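> Based on what follows, work out the 3D shape:
(one chain, ligands or ions: 1)
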Amino acid sequence: MAGDKAEEDLPDFDEDAAVGNGSGSAAGGRPEAHGGAGAISASGFRDFLLAPNLMQGIIDCGFEHPSEVQHACIPQAVLGTDVLCQAKSGMGKTAVFVLSCIQIIDLSLKEVRVLVLCHTRELAYQIEHEFLRLGKHVKELKVAAVYGGGTIEKDKEMLKSNCPHVLVGTPGRVLQLMKSGDLKLDHLTQFVVDECDRCLDELGLRKDIQGIFVKTPKKKQVMMFSATIQPDTRITAKKFMQNPHEITVESEAKLTLHGLQQYYIQLEEREKSKRLIDLLDQLEFNQVIIFVKSVKRALALDGLLQECKFPSMTLHPLPKAFAHKAAKGESTLGPEHDRIERLRQFKDFRKRILVTTDLFGRGMDVERVNIVISYDMPEDSDAYLHRVGRAGRFGTKGLAIAFCAGEKETEVLNKVQARFEVSIPQMPAQIDTSSYLNA
Ligand code: AMP
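Residues are numbered from 1 along each chain as shown. All right, here's what the predicted structure looks like:
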C-alpha cells in the first residue's frame with residue numbers, strides 16, 4: 001500500500017497551527033477502567049445528593065461511579081467553593097464542573113449564570129455538548145456556545161432571543177460580545193476556565209479573561225481545571241479565587257496514564273510517511289489521531305493517506321488555492337465553523353483517522369480513539385502529555401507512538417521520560433493487540 005508517495009517528504013513549513021485564538025459528545029460512559037487502580041472510586045454518585053433529574057442524566061450517560069477527581073471535587077464544588085483542580089487527562093474533569101454547575105444553577109432568571117471559557121472552538125463545542133448530555137433531563141436548562149469563526153450576528157441574535165443559562169465560549173468572542181453590549185454577565189454565579197494553564201499562560205488569552213472577569217459580579221464561584229498547572233500559573237489562577245479547594249496530583253511524575261502503552265520509533269524525517277503507512281496497515285485501531293507540527297503538514301499528510309485509501313481527514317479546511325485537490329464532497333471554502341462540522345464527523349466515527357496539529361492536543365475527547373501517533377514530536381513535554389491523553393481516556397487502554405527524527409525530537413522524548421514516571425521503549429517489531437485494544 002505504501003507506494004512511492006510515502007517516501008516523499010512532507011513540506012516543512014513553520015506555519016503555526018491555526019489555534020482559534022480569541023475565537024474558538026462523547027458517547028456514553030466508559031467501559032470499566034483497566035489499569036490505574038484507584039482511578040475509579042467505589043462510592044456512587046448518589047452520595048453527592050444531586051437532583052434527581054441530574055442523576056437521570058448521569059445514568060443515561062452510563063456513568064456508574066465517580067472518578068477520583070469527581071470524588072475529590074464535586075462535594076466542595078456544589079457548596080459554591082472555588083476550585084483549582086489539576087488531574088490527569090481524560091479522567092472526567094469536565095463532568096466535575098458540568099454536574100456541580102447544573103446542580104446549583106438558579107434557572108429562574110433568563111440570564112447567563114454560568115460562563116465556561118476555554119481556548120479553542122472545538123473544546124467549547126465539546127463542553128457545550130457535555131452540559132446538554134448530562135443536563136438532558138433538566139428541562140428548563142439552556143446551554144449555548146460562542147466562538148470565533150461562526151458569525152457574531154448569530155451569537156447576538158441568540159443572546160437576545162434565547163439567552164442561555166450556561167454559556168461556553170472562547171475568551172476573544174465572549175469579550176467581543178460583552179463590549180458590543182450584547183452579552184451581559186451581571187447575574188453570573190459561576191466562572192469556569194478549562195485548560196486554565198493554556199488560557200492563562202498565553203498573554204493574549206489571559207488579558208481577555210481578565211477583561212471578562214472584571215466585568216462580572218464580585219460574588220461568584222470560580223473554578224479552573226487542567227492536567228498541567230505549573231507553579232507560576234497556579235499563583236496566577238489563585239488571584240482569581242478566594243480560598244480555593246485545591247486538587248493537585250501528588251507528584252507531576254504520576255500524570256501518565258496507566259492504560260496507555262507508549263513507544264518511540266527512531267527514523268529519518270524522509271522515512272516518516274512510509275513508516276506511518278506500514279503502522280496503519282499493521283495495527284488494529286478503532287480511531288487514530290496523528291499529530292503533526294503545522295497545518296500545511298496536516299493537509300499534506302491527510303492528502304497522502306487519502307490517496308492511499310485510508311479513511312483519513314483533517315480538521316483544517318483546504319485553502320482555496322488547493323481546491324482542485326479536494327476529495328469528492330469536501331468543502332474548500334472553509335467557513336471557519338467548518339472545523340466543528342469536521343470534528344463532528346470524526347466524533348461520529350464517519351472517519352477513523354484524524355491528522356491534526358496540537359489544535360486537537362488538549363481536552364478533546366473521542367471515545368473510540370485508541371492510538372495516538374506523534375508524526376512530529378511536539379515542542380515540549382506538556383504538549384506530549386496532553387496529546388497522548390487523547391488515547392486511554394477514562395482508564396481505557398491505548399497506544400501512543402512517537403516518531404523521533406533528529407536531535408530535537410529525541411530531546412523532547414528524553415524530557416518526557418525524565419519528567420514523568422514513564423519509560424518509553426523503542427517500538428518492538430510485534431506488539432500484542434490486547435495491550436492497546438479494549439476488549
Ligand atoms: P474528560 O476528562 O472530562 O474529558 O472525560 C473523559 C471521558 O470520560 C468523557 O467521555 C466523559 O463523558 C467520561 N466520563 C466522565 N466521568 C465519567 C464517569 N464517572 N464514568 C464514566 N465515564 C465518565
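> Around the ligand, which positions in this protein sit nearby?
26, 29-30, 63, 65-67, 70, 90-95, 365, 367, 393-394 (Cβ under 6 Å from any ligand atom). From N, CA and C alone the C-beta is placed, and that goes for glycine too.
> Can you flag the buried ones in those?
Among those, those classed as buried by neighbour count (16 or more other Cβ atoms under 10 Å) are 26, 29-30, 63, 66-67, 70, 90-95, 365, 367, 393-394.
> Which residue ranges make up the domains of the chain?
What the record gives for the chain is the domain set 4-248, 260-435, from automatic domain parsing.
> just how off-centre is the first one within its chain?
The gap between the average C-alpha position of domain 4-248 and the chain average comes to 11 Å, counting by Cα atoms, centre = their mean, to the nearest Å.
> For that domain, give the mean pLDDT please.
When pLDDT is averaged over domain 4-248, the result is 86.
> Then the shortest one?
Here the mean pLDDT over domain 260-435 is 87, rounded to a whole number.
> Residues contacting stretch 44-61, please?
Defining contact as Cβ atoms under 8 Å, 6 or more residues apart in numbering, one finds that stretch 44-61 is touched by 28-29, 63-66, 74-75, 78, 99, 102-103, 133-139.
> got the end-to-end distance for that stretch?
14 Å (Cα to Cα, to the nearest Å).
> So for that stretch, what gets flagged as buried?
Buried residues in stretch 44-61 (16+ other Cβ under 10 Å): Phe45, Phe48, Leu50, Leu54, Met55, Gly57, Ile58, Cys61.
> So for stretch 77-92, what gets flagged as buried?
Neighbour counts over stretch 77-92 (16+ other Cβ under 10 Å) mark 77-78, 81-92 as buried.
> Between those, which sits nearest the ligand?
Distance to the ligand across the buried residues of stretch 77-92 (Cβ to the nearest ligand atom) is lowest for Gly92, with 3.0 Å.
> Distance of Val427 relative to the ligand?
No, residue 427 isn't Val; it's Met. According to Cβ to the nearest ligand atom, to the nearest Å, Met427 and the ligand sit 26 Å apart.
> wouldn't that residue be in contact with Gln266 here?
No: assessed by Cβ atoms under 8 Å, Met427 is found out of contact with Gln266, at 9.3 Å.
> So which of those two has more stuff around it?
Ranked by neighbour count (other Cβ atoms under 10 Å), Met427 and Gln266 place Met427 first, with 19 against 15.
> Contact partners for that one?
Applying Cβ under 8 Å, 6+ apart, we find Met427 in contact with Tyr263, Tyr264, Ile265, Ile401.
> Surely the second one forms part of a helix?
No: using DSSP: H, G, I helix; E, B strand; the rest coil, the assignment for Tyr264 is strand, not a helix.
> hang on, it packs against Cys404?
Yes: counting by Cβ under 8 Å, Cys404 is a contact partner of Tyr264 at 5.3 Å.
> how about the strands of the stretch 1-150 of the chain, start to end?
Using DSSP state E, counting those that start in this stretch, the strands of the stretch 1-150 of the chain run over residues 83-86, 114-117, 143-146.
> Those strands into a markdown table, with extra columns for distance to Phe360?
Output for those, formatted as a markdown table (distance: least, Cβ to Cβ, whole Å):
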| stretch | distance to Phe360 |
| --- | --- |
| strand 83-86 | 21 |
| strand 114-117 | 19 |
| strand 143-146 | 17 |
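> quick revisit: so what sits against both of Tyr264 and Cys404?
What both Tyr264 and Cys404 touch, as defined by Cβ under 8 Å, 6+ apart, is the set Leu413.
> excluding its backbone neighbours, what's nearest Arg342?
Nearest residue to Arg342 in three dimensions, chain neighbours excluded: Leu315, at 4.9 Å (Cβ to Cβ, 6 or more residues apart in numbering).
> With distance to Thr356 as extra columns, can I get the buried residues of stretch 77-92 in JSON lines?
JSON lines is the format used below for the buried residues of stretch 77-92 (distance: Cβ to Cβ, whole Å):
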{"residue": "Ala77", "distance to Thr356": "32"}
{"residue": "Val78", "distance to Thr356": "35"}
{"residue": "Thr81", "distance to Thr356": "36"}
{"residue": "Asp82", "distance to Thr356": "34"}
{"residue": "Val83", "distance to Thr356": "30"}
{"residue": "Leu84", "distance to Thr356": "29"}
{"residue": "Cys85", "distance to Thr356": "26"}
{"residue": "Gln86", "distance to Thr356": "25"}
{"residue": "Ala87", "distance to Thr356": "24"}
{"residue": "Lys88", "distance to Thr356": "22"}
{"residue": "Ser89", "distance to Thr356": "16"}
{"residue": "Gly90", "distance to Thr356": "17"}
{"residue": "Met91", "distance to Thr356": "22"}
{"residue": "Gly92", "distance to Thr356": "23"}
